[in-house]
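Trainee: Sequence and predicted model, in that order:
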Amino acid sequence: MARLRITNLVKSYGDQVVVDHLTLDAADGEFLTLLGPSGCGKTTILRAIGGLVEIDGGEIHFDDRLMNDVPPHKRSAALVFQSYALFPHMTVGENIGFGLRMRGVAQRERNEAVVEAMAMVNLEGLTERMPGQLSGGQQQRVALARAIVTRPDILLFDEPLSNLDAKLRERLRIEIRELQRRLKITAVYVTHDQGEAMAISDRIVVMNKGRIEQVGDPATIYRHPATSFTAEFIGQANIVEARVSSVGPEGCQLQSSVGDLTATARPDGAPDHVFITWRPEDMLPHEPGLGNRIEARVVNSIFMGNLTDLFIEVNGIVLRVQRPGAVPWQVGETIAMSVPEDRIQILR
Amino acid sequence: MTKRGHRLAVLLLVFPAVGYVALFLAAVLIMTLLQSVGFFSFTATTTIGLDEWAKLLDGQTWDSFIYSLRIALASSLGGLFLAYPIALYLRNNFRGKTIISNLLRVPLFLPALVAAFLILNIMSFHGILNETLLALRIIKEPLRMLHDDQGIGVLVIQIWKNLPFQTLILTAVLTNVPRELEAAARNLGAGSFSVFRFVLFPLSLPGAVTGVVLVFIGVLGDFAVNSIAGPLYPPSLAIRMYLLGHAFSEWGQAAGIAIITMVTALVFAVLLARLAKLTVRLVG
Amino acid sequence: MNGRVTFRGGRRHGLGQAIRSGWLPLLLLFGSLIIIGVPIVMAVAWSLVDPDNPWSFPDVFPPSLSLAQWQYVFKYTDIVRAIVTSYELAAASTLLAFVLSLPTAYAIGRFDFRGKEAIRILLLLPLVLPGLVVALFLSRVFGFMGLAQTFPGLVLGHTLLVLPYMARLMSTSFEAIPRDISDAASNLGASELRKFREIYLPMIMPGIFAGAILTFIASLEEFALTFVIGTPDYQTIPTILFGFLTQHFVRTNAAVVALILMVPNVVMLFIADRALRADFVASAYGKL
């Protein structure tokens, strides 16, 4: 168990800066997720923590220990690989016990620890099998057991579930989270799947092009995205340009391209032009008494079973609306919708 | 490990094999070059100069050169020409494909000596080939196919031995051409020949060239097969080189032939690469 | 990617029809059987000729078979000594090639460094240069070093010529180990040395085995160099065969020696092929 501190991390490949002066923290026992599209640098950061990648600048600390010059096999930061990376010529038991063997743990204690780890990941009885004989899900569990059996300071996950089918993914991510909680090991988890990140993280670091867009717990990130990237990467978002016509103690008035709106949020500083965003599922059919009325024409309606994706057009701008179940409106109809004042976010 | 330490470690690691090969090959090449300009030429005397080359470049050397070149070109380029239809056909699945593929692999495993002997048997004056042709009344008298002036025997042996190799390379290269390209071409209206001309041929020729060059070098510098089945005159370049060196101790001249052989091989490799690119552009 | 091309466009063509129907494949099968099979059968036949019942035309096959030729060759020629020399030479040069290639193959397979491509090409050069050129002038070099016509000289020469096979196969095997596996081992605490012992070596065993066999066979079959620096003191199976095919031409002797050369090689190659199939690394890849 250790606190992770990364300060001003820099990594370039040739001319390309892949990680750009990045600073982040993970508290002891926290489950931190690095979330972003491919190429945003999240895997590089993970490997840098593990010492598998040489960094060009910045510092990495486990608690108060500077790890920069510590070689990978001396760091205690076990990594669960996307490809599992099980040693094909060793049995499941030997794979899991490998880390302990490298530390000089005696055979008997090793075997006990291996059996315990296998029970924790629900893999009893497969000790003598070879990795090639296991299913994808089982291999993943072996990789997990192999990482936790050494009780590392930090647990690293490199998109461990992306090779599995959807149902298995959903089941395993919960198991991973519960295991981590039980063992209280600091975990850094890399994924591009925002649903996964939202489901299991204590905090999410949204990344783009080597930089941090936003850090926060899932609810905050979802409800209060700070940048348009975050707004669009997590869930769906309507992003609209607006001019700030007045700011008051309880919010502000906006003149947007879809009409005049009132928001309870207030912009930082005193810009006159901002981008605002709200979630499709926050829009309601307009009723008398509701503010922020938007009259628009339905251009597309997609029924998904449990909800309907609705696309409406106003002033040449297409907004997205999400309603539970089916909707009574036809394509071509003009309808009136409303956006709750407290659901409008002002983006940086 | 530091960057410099790392580099040093790598250097130490590659040194054994690399050092060994580099040392001996350098020794061979230097020895060849030196000998060709007169060092250690006749017994232990050393007269530096181009005398050796003057002695060498006579009609006999030219005859050997043309002969070896002819056989090498026929084996390598001719082999490629023959290998293409076979390799193309082997892309399909048909009954007996595995057997044929395995059969074709057999000559690969045989050293040139054995291949020469096997074919020698078949093509000898009283060998089975002559017997069959006589029995079918295609010829009236047995053909002399070995030790003939044209080197037919040698050519047949070389093709028998090397065609499977070229076919194998070509098959591998053709497999690397994505199936979808072929399907796309057909979808757009290309018949079998057009698919070959515009898709398979251009994409496979560069890879096939390696095989051609390797066969060329092997046949150009051949000693064993020519000794066994080649014409009395002209001898292959390698045989002439051997005789000059071992029998007449004219090491300078022998070195000269060695250099001629290697330079020819190099020139051929370079020319072929260019020619391949040109052909692809013209035909495809 | 499974390759099956159906000649959709050729359905109307006569050629397409022939290809898909039976007769062209059958013709090819028959043809290749004859072209490949007959020479081999003939060689075997010649080795089994009964000296009391000589084989000459018009008989297609020898009238009676006997092992007399084999007995003759083993009793009255130098073949036994040649066999011993051949196999000793092969063992020695394979061992030397292995020792020299192991560190190099490891470096090429696991590290990135400048000049790697050049080194790869250099290691292939002995195979590319014309055989007799290398043989003749290496013999001159050896002559000056006092190594001509000596067993150590032969070993050194053979090692030079077979090293490319060993180095190539081993470096490919090292390369095939997925980077993730080596990273995982580091991550779990293995130093470079331990990785080499516990992870790399076990995983490349099939490759080493196959490489050793191919190298061994290459040495057994080597002719030009042995001919130039070995004879007449040292004979190997190929040089004896050469003798029976040129100076002392006796077809039956040649047939026997050719088979002595061929048969063990084919058997060994078969074993090597099997070894490469039962490859951990290959199956590790397969699961990804």
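Mentor: Received the coordinates, thanks. Every value quoted in this text rests on a predicted model; they were computed, and no experiment measured them.

Trainee: Give me the below-cutoff pLDDT ranges for the chain.
Mentor: Using chain A. Of all residues in chain A, none has pLDDT under 70.

Trainee: that's the wrong chain, I meant chain B
Mentor: Ranges of chain B meeting pLDDT under 70: B:1-2, B:39-49, B:284.

Trainee: The residue nearest in space to the middle of it is in what secondary structure piece?
Mentor: In chain B, the residue lying closest to the centroid (Cα atoms, centre = their mean) is residue B:215, at 2.1 Å. Using DSSP states H and E, residue B:215 falls within helix B:201-220.

Trainee: next structured bit after that helix?
Mentor: Following helix B:201-220 in sequence, per DSSP H and E, is helix B:224-229.

Trainee: Residue C:257: neighbouring residues, count only.
Mentor: Number of residues near residue C:257 (other Cβ atoms under 10 Å in any protein chain shown) recorded here: 28. No exception for glycine: its C-beta is placed from N, CA and C like everyone else's.

Trainee: where's the residue lying closest to it once chain neighbours are set aside relative to residue C:259, distance?
Mentor: Nearest non-adjacent residue to residue C:257, counting by Cβ to Cβ, 6 or more residues apart in numbering or on different chains: residue C:241, 4.5 Å away. Relative to residue C:259, residue C:241 is positioned 10 Å away (Cβ to Cβ, to the nearest Å).

Trainee: Tell me which of those two has more neighbours.
Mentor: Per other Cβ under 10 Å, whichever of residue C:241 and residue C:259 has more neighbours is residue C:241, with 29 against 18.

Trainee: dump the residue contacts of the single nearest residue of the stretch 101-250 of chain C relative to chain B.
Mentor: Nearest residue of the stretch 101-250 of chain C to chain B: residue C:130, at 2.6 Å (Cβ to the nearest Cβ). If you count contacts by Cβ atoms under 8 Å, 6 or more residues apart in numbering or on different chains, residue C:130 has them with B:217-218, B:220-221, B:238, B:258, B:261-262, B:265.

Trainee: Can I get those residues in TSV including distance to chain A and neighbour count?
Mentor: Formatted as TSV, the contacts of residue C:130 follow (distance: Cβ to the nearest Cβ, whole Å; neighbours: other Cβ atoms under 10 Å in any protein chain shown):
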residue	distance to chain A	neighbour count
B:217	38	24
B:218	38	23
B:220	43	25
B:221	43	26
B:238	47	28
B:258	45	29
B:261	44	23
B:262	39	19
B:265	38	22
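
Trainee: And the furthest pair within those?
Mentor: Largest separation among the contacts of residue C:130 by Cβ to Cβ: B:218 and B:258, giving 15.4 Å.

Trainee: Now stretch B:210-218 - C-alpha only, PDB.
Mentor: Provided in PDB are the C-alpha atoms of stretch B:210-218 (Å, rounded to 0.1, in the frame of the first residue of the first chain):
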ATOM      1  CA  THR B 210      15.500 -12.600 -53.600                       C
ATOM      2  CA  GLY B 211      15.100 -16.200 -54.600                       C
ATOM      3  CA  VAL B 212      16.200 -15.500 -58.100                       C
ATOM      4  CA  VAL B 213      19.400 -13.900 -56.900                       C
ATOM      5  CA  LEU B 214      20.200 -16.700 -54.500                       C
ATOM      6  CA  VAL B 215      19.800 -19.300 -57.200                       C
ATOM      7  CA  PHE B 216      21.800 -17.200 -59.600                       C
ATOM      8  CA  ILE B 217      24.700 -17.000 -57.200                       C
ATOM      9  CA  GLY B 218      24.600 -20.700 -56.400                       C
END
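
Trainee: Around chain C, which positions in chain A sit nearby?
Mentor: A:47, A:50-52, A:71-74, A:77-79, A:81-83, A:85-89, A:98-99, A:102-103, A:131-132, A:139, A:146, A:150 (Cβ under 8 Å from any Cβ of the partner chain).

Trainee: which ones are touching residue A:60?
Mentor: A:4-7, A:9, A:48-49, A:66-68.

Trainee: So which of those residues are in strands?
Mentor: A:4-7, A:9, A:66 (DSSP state E).

Trainee: Which element, helix or strand, includes residue B:80?
Mentor: Judged by DSSP H and E, residue B:80 forms part of helix B:79-89.

Trainee: Tell me which other helices or strands that helix touches.
Mentor: Judged by 3 or more Cβ pairs under 8 Å, 6 or more residues apart in numbering or on different chains; DSSP states H and E, helix B:79-89 is in contact with helix B:152-175, helix B:201-220.
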